[in-house]
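> 3D, please:
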Amino acid sequence: MTAFGTLLGELSNFLYTYILIILLIAAGLYFTLRTGGVQFRLFPEALRVLGEKKKDGKDISSFQALMISTASRVGTGNIAGVANAIIAATLIGGYGAVFWMWLLAIIGAASAFVESTLAQCYKEKHGENWVGGPAYYIQKALGSRAFGVVFAVLLIACFAYGFNALQAYNAGSALQYYLPGYSSSVWPAVVGAVLAALTGLCIFGGVRRISAITSGIVPVMAAIYIALGLFITIRNIGQVPHMLSLIFSQAFDPKAMFAGVGASCVMQGIKRGLYSNEAGMGSAPNAAAAADVSHPVKQGLVQMLSVFIDTILICSTTAFMLLLSGVPIDAYAEGMNFVQAAVHAQVGAFGPLFITVSIFLFAFSSLVGNYYYTESNLKFIKDSRPLLLVFRITCVAAIFIGAQMDFSMVWDLADVLMGLMALVNLVAILLLGGKAIKVLKDYIRQKKAGKNPVYRWDEVQIGDRTVWDEAHARKWEEG
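Numbers count the residues shown, from 1 in each chain. A predicted model of the protein is given here:
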């Protein structure tokens, strides 16, 4: 097991140091330029689209699809992940890791727009639900089912086993503050059992139960968490200019940028940023495809917002709480302990308790959101009820086991699976990006004509013709 953990660590460092850092930034910059800065130019339009009502009471709205993807994005990575990035890079510039998270979110939002627009273009109707994502647009637009299956397998491995094990571990680690010797006690098994049972109740209820739960939990818990961060920031407002100067100066400090493998603030910021906002990874398009909208670009814009919600709002909240707390960064080896100590220093005994509750809610929403992605990709490979039942059982088991795993191994496993999955999707969207840009031009043309854009396959000829036919257009125009 030790050898396996070492191998995971080395593979993780190789992926992020030599491949993904370059590819993520290059793809984000490329799509930012090709779309004319869609994440800036159409940000107000994205907010407007978010409030549109759904046409069919049975279908999932843009807002509900956003909450499913945000439930997956907004998880323990926003708390423990940010803290771990700062801790890991602290010897050579822990503050600088925050800047690289911001940068990845800002330019990565363009990649998120492209992948989610493609998911809408190539979605399918399965029973009462819309499904889609990278596996579907790889098969239909690139004409390779084998490549699509590879992505689906990687996503299932990443979210059902890697990410969900990590979410369970992070949720349990919050109890270390109250229970010395937690890791060697029976409590990890108890935490794993409780989370597994609660998640099982949800995933056996289907996609609509998932959307109902996440659309209720995510906005409330995110708002309260941000409010706490604002309180701590305002309380220490005099230190904010100094903190910001350190974030920017350490981000570009040569020692911090080019430190040894694993310690670089660039690698830590991008690794934890990708885990948190998932821009370009290929996960959010699975939720984007579930929404019923009049034009594919609408959901691309809405999913773009999720990246900003996740990183610019929630990750920044965690970073500010930590860096303004006055608690030494190098005093802690694990992120959750650092977060709880920082909040305790600012608001007293209530702080760690609130963080413990928050981490469980964040973890639970992510466990449920993550499962949604995996089910649709399993059905892409093979739609079988017996297989689905066995798969659900293994998902629940992964949560139970993950709560009891080792810190380094559970993070490295998630990073490696996430990296491989992102690698496949980034190649696909770079090959298909021109199609999404053509669909964007159709949307802008209709907006300039004063219309509420409605997509017609005959006019653009991109996507699944059976989905975007005249019947679809009439449904939206008649309302």
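> Flag the shaky bits of the stretch 301-450 of the chain, pLDDT-wise.
Where the stretch 301-450 of the chain drops to pLDDT under 70, the residues are 330-335, 407-408.
> Nearest spatial neighbour of residue 45, chain-adjacent residues omitted?
Spatial nearest neighbour of residue 45, chain neighbours left out: residue 301 (6.1 Å); criterion: Cβ to Cβ, 6 or more residues apart in numbering. All C-beta spots, glycine's among them, are computed from the backbone N, C-alpha and C.
> where's residue 404, which helix or strand?
Using DSSP states H and E, residue 404 is not contained in any helix or strand.
> Give me the number of neighbouring residues for it.
The tally of other residues near residue 404 (other Cβ atoms under 10 Å) stands at 18.
> pretty sure it contacts residue 190?
No: using Cβ atoms under 8 Å as the test, residue 404 is too far from residue 190 to be in contact (10.1 Å).
> Restricting to C-alpha, output stretch 377-390 in CSV.
Taking Å, rounded to 0.1, in the frame of the first residue of the first chain, the C-alpha atoms of stretch 377-390 are listed here in CSV:
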residue,chain,number,x,y,z
ASN,A,377,-21.9,8.0,-17.8
LEU,A,378,-22.6,4.5,-16.7
LYS,A,379,-25.7,4.4,-18.8
PHE,A,380,-23.7,5.7,-21.8
ILE,A,381,-21.5,2.6,-21.5
LYS,A,382,-24.3,0.2,-20.8
ASP,A,383,-27.9,0.9,-19.7
SER,A,384,-28.7,-2.0,-17.5
ARG,A,385,-30.8,-2.0,-14.3
PRO,A,386,-28.8,-4.9,-12.6
LEU,A,387,-25.5,-3.1,-13.4
LEU,A,388,-26.9,0.2,-12.1
LEU,A,389,-27.9,-1.5,-8.8
VAL,A,390,-24.4,-3.0,-8.3
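> quick one: buried residues of it?
377, 378, 379, 380 (16 or more other Cβ atoms under 10 Å).
> go on, stretch 221-232?
So for stretch 221-232, counting by 16+ other Cβ under 10 Å, buried means 221, 222, 225, 228, 229, 232.
> how about those in a markdown table, adding secondary structure and distance to residue 155?
Formatted as a markdown table, the buried residues of stretch 221-232 follow (DSSP: H, G, I helix; E, B strand; the rest coil; distance: Cβ to Cβ, whole Å):
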| residue | secondary structure | distance to residue 155 |
| --- | --- | --- |
| 221 | helix | 25 |
| 222 | helix | 24 |
| 225 | helix | 27 |
| 228 | helix | 33 |
| 229 | helix | 31 |
| 232 | helix | 36 |
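> Okay, now stretch 303-311: how far is its last residue from its first?
13 Å (Cα to Cα, to the nearest Å).
> any idea how far residue 288 is from the residue nearest to residue 45?
Applying Cβ to Cβ, to the nearest Å, the value for residue 301 to residue 288 is 10 Å.
> quick one, which of those two is more surrounded?
Neighbour count, other Cβ under 10 Å: between residue 301 and residue 288, residue 288 has more, with 34 against 30.
> isn't the more buried one right next to residue 299, touching?
Yes: counting by Cβ under 8 Å, residue 288 touches residue 299, with 4.7 Å between them.
> For these two, list the residues in contact with both.
Residues touching both residue 288 and residue 299 by Cβ atoms under 8 Å, 6 or more residues apart in numbering: 65, 116, 117, 119, 120.
> Can you give me the buried ones in stretch 182-197?
182, 183, 187, 188, 191, 192, 194, 195, 196.
> Same question for stretch 468-479.
468, 472, 473, 476.
> Now, the residues you listed that are in helices?
472, 473, 476 (DSSP state H).
> And residue 350, how far from residue 357?
11 Å.
> what's the answer for residue 134, then?
Applying Cβ to Cβ to residue 134 and residue 357 gives a distance of 34 Å.
> Give me the more crowded residue out of these two.
residue 134 (32 against 13).
> residues touching that one, list them.
115, 118-119, 148, 151, 155, 282, 285-286, 424-425, 428-429.
> burial measure for the closest residue in space to it that isn't next to it in sequence, as a count.
Using Cβ to Cβ, 6+ apart and skipping residues adjacent in sequence, the residue nearest residue 134 is residue 282, 4.2 Å away. Residues contacting residue 282 under the criterion other Cβ under 10 Å number 31.
> ok but residue 282 is inside a helix, no?
No: applying DSSP: H, G, I helix; E, B strand; the rest coil, one finds residue 282 to be coil, outside a helix.
> Can you list phi and psi of it for me?
When read as degrees, to the nearest 10, the backbone of residue 282 gives phi 100, psi 10.
> just residue 144 next, same as before
The phi/psi pair for residue 144 (degrees, to the nearest 10) is phi -130, psi 100.
> I'd say it and residue 137 touch.
No: under the criterion of Cβ under 8 Å, residue 144 makes no contact with residue 137, lying 10.8 Å away.
> In terms of neighbours, single out the busier of those two.
The neighbour comparison of residue 144 against residue 137 (other Cβ under 10 Å) goes to residue 137, with 31 against 14.
> my guess is that one is in a strand, correct?
No: the assignment for residue 137, made by three-state DSSP, is helix rather than a strand.
> The residue nearest to it when sequence neighbours are not counted: neighbour count?
In this structure, residue 137 finds its nearest non-sequential neighbour in residue 122, 4.1 Å apart by Cβ to Cβ, 6+ apart. The tally of other residues near residue 122 (other Cβ under 10 Å) stands at 26.
> I'd say residue 309 and residue 223 touch.
No: in this structure, residue 309 is not within contact of residue 223 by Cβ under 8 Å, at 10.8 Å.
> which ones are touching residue 452?
The contact partners of residue 452, by Cβ under 8 Å, 6+ apart, come to 294, 446, 476.
> Please repeat the previous calculation with a cut-off of 7 Å.
residue 294 (Cβ atoms under 7 Å, 6 or more residues apart in numbering).
> Regarding it, which helix or strand does it belong to?
Residue-wise, residue 452 maps onto no helix or strand under DSSP H and E.
> Strands of the stretch 101-250 of the chain, start to end?
Using DSSP state E, counting those that start in this stretch, the strands of the stretch 101-250 of the chain run over 124-126, 129-131.
> Save those as CSV, and put in distance to residue 324 and mean neighbour count too.
Below are the strands of the stretch 101-250 of the chain laid out as CSV (distance: least, Cβ to Cβ, whole Å; neighbours: other Cβ atoms under 10 Å):
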stretch, distance to residue 324, mean neighbour count
strand 124-126, 48, 14
strand 129-131, 43, 21
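> So for residue 368, which of those strands sits nearest?
Residue 368 sits nearest to strand 129-131 of all the strands of the stretch 101-250 of the chain, at 16.0 Å, using Cβ to Cβ.
> Which strands or helices does that closest one pack on?
Contacts defined by 3 or more Cβ pairs under 7 Å, 6 or more residues apart in numbering; DSSP states H and E place strand 129-131 against no helix or strand at all.
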